[in-house]
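Peer 1: Predicted coordinates and the sequence they were generated for:
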Amino acid sequence: MNWQLITEQQRFNELLPIWASAKTLALDTEFMRVNTFNPQVALIQLKHQNTIYLIDPTACDTVAWGLGEVLANPNALKIVHACSEDIEVLFHTYPKAKINHIFDTQIALAFLGYGLQVGYQKALKDLLDIDISKAETRSDWLARPLSEEQLQYAASDVEHLPALYDLVVEGLNAKGLLTYCQEDSALMLTEAATVPILTTLYQQFSNAWQLNRRQLSLLHTLTMWRDTSARLNNIPRTFVLKNHTLMAIVQQMPQTLAQLARVEDLHPKTYQKHGSLLLEMIRVAQHKPEAKCPPLLPLPLPKAAKSLFNLLRQQSEHIAQHYGIPADVLLRKRWLDALVLNYIDEGEQCALPLALQGWRYEVLTQPLLQTLSKQAAQLAEWRSYRHRLFN
């Protein structure tokens, strides 16, 4: 295995034009995400032709000298495997770079029937009869110097990606699925680059529909404060408030520091540093006019809706069989949930999940929408139920 560790700025600068003119690059990263809000990139692996480059971003200024632009080169194919976290790391490290032209071999393997989340090690063993070690997966990648074992491990993560790519592309072409796979790789990039809307974070709590409007106001305030505080201090959100602790504060609305201290899993540091602020947020929410509070969130669908979901899943499975696409690749549960809820709430012109646009629209989404249109009376009844429009 021919690899080079790049720790000197001059050497990095010399190699940059070579990578910038490449037509194909195998790509991976090593990063740490333990005690920080954002992942910390520790190593970037590139394979160009027959050489593997292990780039140390703690030793080289890769931002100012344009590695992001290399990754954004639309003329260079970047081959990756299971790269959603790697892409998040790269988007954070190179926020101005529009990373594109990614091909994820894990997505390709899913189209070929190997399952949604086949690992790189298993893929190499099953398809190429190659064994690689994963012993260094959980090691400290920010420690310096990196051990020989870590460097060998990092190099092995990109060494066989081009061969795996060639094999899966051959299989996809044989099934006529290559363009679908390419679209899904691009979709993964789009989803990874999507930043959650801060003002709607509170709606992601699964039991928020049970709260009254003043509780929702407090939940909204607390989630925004937690997110902002975590970002400013570069710590995980849960280091500020765990989800169940945040919800307990919302439900109980403690009035004193003593009551606040008894909330489950409230970290002593958070209580000591922010106790008075938390009580003030509670006081403001309790005294806010209801008309200025967020509206009640829609109720979950009644149990009777299960039959509709079963019908749509069966329809999707028939379509998947017709096109030779694994059913779990064609349609995921979260996409179907979003489609049905949006259709119930918004009608025929409802917003579609990104995944149900693109190639899936004609293949899958249109038939599902036609089925939903035939359930108009039932869906109108459920719409009234969800939005509490009771007689």
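Peer 2: Thanks, I have it. Residues are numbered from 1 along each chain as shown.

Peer 1: What degree of burial does Asn13 show, as a neighbour count?
Peer 2: When neighbours are defined as other C-beta atoms under 10 Å, Asn13 has 13 of them. Just so you know, the C-beta spots here come from the backbone N, C-alpha and C atoms, and that holds for glycine as well.

Peer 1: For the remainder of this discussion, apply numbering that starts at 240.
Peer 2: Fine by me, first position is 240 from now on; the one you just mentioned is Asn252.

Peer 1: what packs against the helix or strand it falls within?
Peer 2: Asn252 is part of helix 248-259, with elements assigned from DSSP states H and E. Contacts defined by 3 or more C-beta pairs under 8 Å, 6 or more residues apart in numbering; DSSP states H and E place helix 248-259 against strand 279-287, strand 290-294, helix 306-310.

Peer 1: With respect to Leu593, which of those lies nearest?
Peer 2: helix 306-310 (21.7 Å; C-beta to C-beta).

Peer 1: Let me see the mean pLDDT of that closest one.
Peer 2: What helix 306-310 shows for mean pLDDT is 96.

Peer 1: Can you name every helix or strand that that helix contacts?
Peer 2: helix 248-259, helix 323-332.

Peer 1: Relative to the following helix or strand past it, what are the paired strands and their orientations?
Peer 2: Counting by DSSP H and E, the next helix or strand C-terminal to helix 306-310 is strand 316-319. Strand 316-319 sits in its sheet next to strand 263-271 (parallel), strand 341-343 (parallel), going by DSSP bridges.

Peer 1: Make TSV out of the ones you listed and add mean pLDDT and distance to Thr429.
Peer 2: Shown next, in TSV, are the strands paired with strand 316-319 (pLDDT from 0 to 100; distance: least, C-beta to C-beta, whole Å):
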stretch	mean pLDDT	distance to Thr429
strand 263-271	98	18
strand 341-343	98	11
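
Peer 1: Dump the helices and strands packed on helix 248-259 into CSV; add distance to Thr433 and mean neighbour count as well.
Peer 2: Conversion of the helices and strands packed on helix 248-259 to CSV gives the following (distance: least, C-beta to C-beta, whole Å; neighbours: other C-beta atoms under 10 Å):
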stretch, distance to Thr433, mean neighbour count
strand 279-287, 20, 22
strand 290-294, 27, 20
helix 306-310, 18, 22
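
Peer 1: Just give me the neighbour total for Leu255.
Peer 2: Applying other C-beta under 10 Å, we find 16 residues neighbouring Leu255.

Peer 1: What of the one 4 residues further on?
Peer 2: For Ala259, the neighbour count with other C-beta under 10 Å is 14.

Peer 1: OK, contacts around it?
Peer 2: 305, 308-309, 312 (C-beta atoms under 8 Å, 6 or more residues apart in numbering).

Peer 1: Against Glu308, how distant is it?
Peer 2: To Glu308, Ala259 is 7 Å away according to C-beta to C-beta, to the nearest Å.

Peer 1: Could you list the domains of the protein?
Peer 2: 242-432, 437-531, 542-625 (automatic domain parsing).

Peer 1: any idea which of the ones you listed is most buried?
Peer 2: domain 242-432 (a mean of 18; mean count of other C-beta atoms under 10 Å).

Peer 1: Can you give me the end-to-end span of it?
Peer 2: Criterion C-alpha to C-alpha, to the nearest Å; first-to-last residue distance in domain 242-432 is 30 Å.

Peer 1: Stretch 350-366 now?
Peer 2: First residue to last in stretch 350-366 (C-alpha to C-alpha) measures 15 Å.

Peer 1: for the record, mean pLDDT for it?
Peer 2: Mean predicted lDDT for stretch 350-366 stands at 97.

Peer 1: that's a helix at Pro275, yeah?
Peer 2: You called it Pro, but residue 275 is Thr. No - per DSSP: H, G, I helix; E, B strand; the rest coil, Thr275 lies outside any helix segment and is coil.

Peer 1: list the contacts for the spatially closest residue to it that is not a sequence neighbour?
Peer 2: Among residues not flanking Thr275 along the chain, Asn473 sits closest, at 5.1 Å (C-beta to C-beta, 6 or more residues apart in numbering). Shown in contact with Asn473 (C-beta under 8 Å, 6+ apart): 275-277.

Peer 1: any chance you could map the helices in the stretch 290-439 of the chain?
Peer 2: 306-310, 323-332, 344-350, 359-362, 387-398, 400-414, 417-432 (DSSP state H, counting those that start in this stretch).
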